[in-house]
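Colleague: predicted model follows, preceded by the sequence.
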Amino acid sequence: MFLTLQHPFTDMRRFLGAESARLHRPLWPLAEAQKDFVRASGLVRFRRKGGLDEWAGEESYSDANRALTFPDHLRHLAIGNDHLGASIGHALRRYYSDGGLARLEVGLRFTPYSVTGNSSAFDRFRLLRELLELPVSVTGKGLRCETLGLVQAGDMLAQHYLFASTRVKASSQAWWFSAGAPSIVLDYDRLIDEHLIPLPPHISQVLELPDLEVTVSHAWLQIGKQQCAAWFIARGNRHREEVRKLRMHLTRLHTERECLRTVISHAQEGGKLDWVKQTERAETLQHYLNNAIRAIERPMRFGFEQSVLLSAAREAYGITLKGRTTSFDEMRQQVAMKVQNYLSRESKPTRIVNVFKEAVMTTTITLGNFTLTGGDLNIVTAKTIENSFNKATNSALEPGLKQTLENAVAEIAKMMVALPKERAELVSRDLETFTTEVTSEKPRQAWYELSAQGILEAAKTVADMAVPVTTAVAAVLALLK
């Protein structure tokens, strides 16, 4: 199995010009292999198997062995527990850049093995978590040589590469080069015994490519306080080059989305770019936003159905993207509308997150502004909640009914978390029917009233939720009459 973890970075200095004191070499994406180097990181090298014509900057990289160090004797490190363990056979660290967006990739080739022949979902998730929390050190001028988990190293790596690419003695600001949320891609042979594959419990298949013998699944993970997107590629033994291309596409897509999110966020904050008053900076920013949104939202890209990948990986990270602001009104109308439409699509994320904290595995479900924690929800029930909320959000209902239905789904979901697992499964069926009927072109009164009755009966068993659920469901029914 091969695990790729990436920390994406956004270099805002492309909008600042000479005042940023950014070094002229390496000149990404045209860095000269075997000649250029990144200070305190490593030499620029050609990618042995080459890059991709579709992606600038993928044919060369800088060694990152000096920037990020692993513990000694990595191959002998014990990972996992008595039921399921793994040994690491190969590790690599590489820094890629195209001059604006960048990423540090860590690749781990590992072999899982079962000690007892009987491993649970908890064992598999623990193995994955321990791989992502491998102790690493980030070094550089002005940085403490601090050991932390691999998945948490993004901010310190951003500080490192800001220093490494800035003229000596020049001042800089941390936001000029900032880390986004990490992501992982796990590439494995589908013929390996299922109990040896470290998959999280809540995972969704999002893409199937029969011609390539490939299935792509997606999940959200939270390790401690760090969330990351996780992609799982199940493949056969053939079409290795196409699988490699898919893996590169997933990593670049994530980097592009994180970079776009960061640029929009910084552009909205006063006192940073100050782009409205500077024509040259404004033109550079608008050109980037126009091209980035257009590229990210193409339904097909480089032979892959990108829309389903984007749908699975909607915005789920720390910085809340605001709506259209006064500063964006200064943009050309075409660009301003693109930004506004993009923000509206990203504004109501729904996601199921696998959380591992202090040796306990739980599930959190985000429905717009609501976040639920339910440790005993099974996969089907959690997915029903997510699908029901998405169905309400994406419906063609008039705004008042849509908002009322969204609130009702959220209240019902809160109740389901408090119910025993078996009762929650029954309510999930009623919730699915209720949402389907309400959002249909011609709702069938007998069906949505019957499912609503089942939901209300369940609410009576949860004292704290009886009134909120009853009120929310009643509000929906009133608008249907």
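Modeller: Structure received. Numbers count the residues shown, from 1 in each chain.
Colleague: low-confidence ranges in the protein?
Modeller: For the chain, applying pLDDT under 70 flags the ranges 53-56, 115-117, 140-146, 193-194, 270, 299-328, 345-349, 358-359, 374-376.
Colleague: which parts of it are helices?
Modeller: 121-132, 154-164, 240-268, 279-296, 306-312, 333-346, 379-393, 399-418, 421-439, 445-459, 463-480 (DSSP state H).
Colleague: how about those in CSV, adding distance to His24 and mean neighbour count?
Modeller: No exception for glycine: its C-beta is placed from N, CA and C like everyone else's. Below are the helices of the chain laid out as CSV (distance: least, C-beta to C-beta, whole Å; neighbours: other C-beta atoms under 10 Å):
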stretch, distance to His24, mean neighbour count
helix 121-132, 36, 22
helix 154-164, 14, 22
helix 240-268, 22, 21
helix 279-296, 18, 16
helix 306-312, 34, 17
helix 333-346, 29, 16
helix 379-393, 47, 21
helix 399-418, 51, 21
helix 421-439, 56, 20
helix 445-459, 64, 17
helix 463-480, 60, 16
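Colleague: closest to Phe37 out of these?
Modeller: helix 154-164 (9.6 Å; C-beta to C-beta).
Colleague: tell me what the closest one is packed against?
Modeller: Applying 3 or more C-beta pairs under 8 Å, 6 or more residues apart in numbering; DSSP states H and E, we find helix 154-164 packed against strand 2-11, strand 101-114, strand 135-138, strand 177-179.
Colleague: so which of those strands is nearest Glu406?
Modeller: Closest among the helices and strands packed on helix 154-164, once you apply C-beta to C-beta, is strand 2-11, at 30.9 Å.
Colleague: mind listing what's buried in the closest one?
Modeller: Buried residues in strand 2-11, counting neighbours by 16 or more other C-beta atoms under 10 Å, are found at Leu3, Thr4, Leu5, Gln6, His7, Pro8, Phe9, Thr10, Asp11.
Colleague: identify the bridge partners of Leu207.
Modeller: Val216 (DSSP bridges).
Colleague: surely it meets Ile233?
Modeller: No - Leu207 is beyond contact range of Ile233, at 9.5 Å (criterion: C-beta atoms under 8 Å).
Colleague: quick one on the thing from earlier: with distance to Leu74 added, can I get the helices of the chain in a markdown table?
Modeller: Below are the helices of the chain laid out as a markdown table (distance: least, C-beta to C-beta, whole Å):
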| stretch | distance to Leu74 |
| --- | --- |
| helix 121-132 | 11 |
| helix 154-164 | 18 |
| helix 240-268 | 22 |
| helix 279-296 | 36 |
| helix 306-312 | 32 |
| helix 333-346 | 38 |
| helix 379-393 | 34 |
| helix 399-418 | 40 |
| helix 421-439 | 40 |
| helix 445-459 | 51 |
| helix 463-480 | 49 |
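Colleague: of all those helices, which one is nearest Ser20?
Modeller: Among the helices of the chain, helix 154-164 sits nearest to Ser20 (C-beta to C-beta), with 9.9 Å.
Colleague: list of residues touching that closest one?
Modeller: 7, 9, 38-41, 67-68, 95, 102, 104, 138-143, 146, 148, 172, 174, 176-182 (C-beta atoms under 8 Å, 6 or more residues apart in numbering).
Colleague: re the thing from before, between Leu207 and Ile233, who's got more neighbours?
Modeller: More crowded of Leu207 and Ile233, by other C-beta atoms under 10 Å: Ile233, with 22 against 18.
Colleague: gap between that one and Arg257?
Modeller: Applying C-beta to C-beta, to the nearest Å, the value for Ile233 to Arg257 is 19 Å.
Colleague: ok, Gly100 to Val380 distance?
Modeller: For Gly100, the distance to Val380 (C-beta to C-beta) stands at 42 Å.
Colleague: same thing with Asp464?
Modeller: 25 Å.
Colleague: likewise for Ile197?
Modeller: 20 Å.
Colleague: cool, and His202?
Modeller: 10 Å.
Colleague: now do Ser451
Modeller: 17 Å.
Colleague: what's the answer for Lys225, then?
Modeller: From Lys225 to Val380 the distance is 28 Å (C-beta to C-beta).
Colleague: which ones are touching Pro26?
Modeller: Contact partners of Pro26, counting by C-beta under 8 Å, 6+ apart, are Glu32, Asp36, Phe37, Val38, Val44, Ser62, Ser97.
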